[in-house]
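Asks: Any chance you could fold what I've pasted below:
(one chain, ligands or ions: 1)
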Amino acid sequence: MERITDIHIHIQPWDQMKPAVREAIRQGHEDHWEFLISLMESPSLLIDHLDRAGIWRVGLINYVSPDVMGFTDSTNDFVSRYADHDRTRLLPFGSVHPRFTDDPEGAVDRLIDLGIVCLKIHPPHQGFPANAYTTGLDNLGRIYKRAEERGLPIMVHTGTSIFPGARCKYGNPMELDDVAIDFPDLRIIMAHGGRPLRTEEAFFLLRRHRSMYLDVSGIPPKKLLESFPRITELGDRILWGTDWPSPGVRSLRHNLDQFLSLPLDDEWKKQVTIHTPLALFPDQGSEKLSPSDSVTSTR
Ligand SMILES: [Zn+2]
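Replies: Okay, the predicted model is just below:
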């Protein structure tokens, strides 16, 4: 199997999810809804599904959002346990909500203890702009600082969200300009590139800050070049992702095939789907191999 990483899918504790949000996801997935629910309880079912789709690894995006989505801090334990099934192929993403912690540094350390590989911030679902530490939400700055110190990358949602209660005004990419300036060693993955309304703003920031990466999930692959006509200028800072099974994203493989059929260089596509994700999230399994083995295995 080619070592393709889809950095952005959602396997979450759906029993915590608010009914209106669940319903928004179920629409469009009616014919395989029971299957989606069963994935939540069974990592081996997900691995089978990945095998059939020809996907090697996935980022399991989870975050704390009690008021909009229904997810509590226990989502971190959920995703860590889930990923224990296969730490090579399941990459757990977790979260600290700045308004629901008394110990931001300790909470970030705890994520690392759980083996979480990236810290997700979701401004429209968490109710603050990504630079809210500049206007009084001190805990957010402390979370960024600790993540920077510990070498833990962050992923920040940008762009709109259609879920009931989501505050889309907090999804503007420009707020990440402050974060990149104030935490220069923090690696920032900008999810969705501000789509659909703010992709120009997103592209400006991505060019400006070398610490910033673009996760293309949530942008219909056929529209990617419309949204980012000069995307190849971002070189090795783009990550493949789908946002499956969010509304409108029906299949992991279908989106990947659409991406692979774009009129762009094959090497560039390999960079996005294979090499950049491996550089940012090294394969923990291959650390045990000798250097020559790991060179061969990335081909
Ligand atoms: Zn998502």
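Asks: Any idea how far stretch 132-142 is from the middle of the chain?
Replies: Relative to its chain's centre, stretch 132-142 lies at 22 Å (Cα atoms, centre = their mean, to the nearest Å).
Asks: Using CSV, write down the CA coordinates of it.
Replies: In CSV, the C-alpha atoms belonging to stretch 132-142 read as follows (Å, rounded to 0.1, in the frame of the first residue of the first chain):
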residue,chain,number,x,y,z
ALA,A,132,-8.2,35.7,21.8
TYR,A,133,-5.1,35.7,24.1
THR,A,134,-4.5,39.2,22.8
THR,A,135,-7.8,40.4,24.2
GLY,A,136,-7.8,38.7,27.6
LEU,A,137,-8.2,34.9,27.2
ASP,A,138,-4.8,34.3,28.8
ASN,A,139,-5.2,30.5,29.0
LEU,A,140,-5.2,30.3,25.2
GLY,A,141,-1.8,32.0,25.0
ARG,A,142,-0.5,29.6,27.7
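Asks: Check which residues of it are buried.
Replies: 132-133, 137, 139-142 (16 or more other Cβ atoms under 10 Å). Any C-beta I mention is one placed from the backbone N, CA and C, and that applies to glycine too.
Asks: I figured residue 53 hits residue 253, correct?
Replies: Yes: judged on Cβ atoms under 8 Å, residue 53 makes contact with residue 253 at a distance of 4.1 Å.
Asks: which stretches of this protein form helices?
Replies: With DSSP state H as the criterion, the chain has helices at 19-26, 33-41, 43-53, 74-83, 104-113, 123-126, 138-150, 175-182, 199-208, 224-227, 252-260, 266-270, 276-280, 291-297.
Asks: Turn the ones you listed into a markdown table, including mean pLDDT.
Replies: Converted to a markdown table, the helices of the chain look like this (pLDDT from 0 to 100):
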| stretch | mean pLDDT |
| --- | --- |
| helix 19-26 | 91 |
| helix 33-41 | 93 |
| helix 43-53 | 98 |
| helix 74-83 | 98 |
| helix 104-113 | 98 |
| helix 123-126 | 98 |
| helix 138-150 | 98 |
| helix 175-182 | 98 |
| helix 199-208 | 98 |
| helix 224-227 | 98 |
| helix 252-260 | 97 |
| helix 266-270 | 97 |
| helix 276-280 | 98 |
| helix 291-297 | 40 |
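Asks: Please identify the most buried of those.
Replies: Mean neighbours per residue, mean count of other Cβ atoms under 10 Å, is largest over those for helix 123-126, with a mean of 25.
Asks: Please list all residues in contact with the closest residue to residue 21 other than its chain neighbours.
Replies: With sequence-adjacent residues excluded and distances taken as Cβ to Cβ, 6 or more residues apart in numbering, residue 21 is closest to residue 163, at 5.1 Å. Residue 163 sits next to 20-21, 24, 68-69, 125 when contact means Cβ atoms under 8 Å, 6 or more residues apart in numbering.
Asks: Same check on residue 62?
Replies: If a contact means Cβ under 8 Å, 6+ apart, then residue 62 has 10-12, 71, 75-76, 78-79, 92-95, 120 as its contacts.
Asks: For residue 10, see how far away it is.
Replies: Residue 62 is 8 Å from residue 10, where distance means Cβ to Cβ, to the nearest Å.
Asks: re the thing from before, select, out of the helices of the chain, the one closest to residue 158.
Replies: helix 199-208 (6.3 Å; Cβ to Cβ).
Asks: re the thing from before, can you redo the contacts of residue 163 as JSON lines, where the extra columns are distance to residue 108?
Replies: What follows is those, written out as JSON lines (distance: Cβ to Cβ, whole Å):
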{"residue": "20", "distance to residue 108": "31"}
{"residue": "21", "distance to residue 108": "26"}
{"residue": "24", "distance to residue 108": "30"}
{"residue": "68", "distance to residue 108": "22"}
{"residue": "69", "distance to residue 108": "21"}
{"residue": "125", "distance to residue 108": "19"}
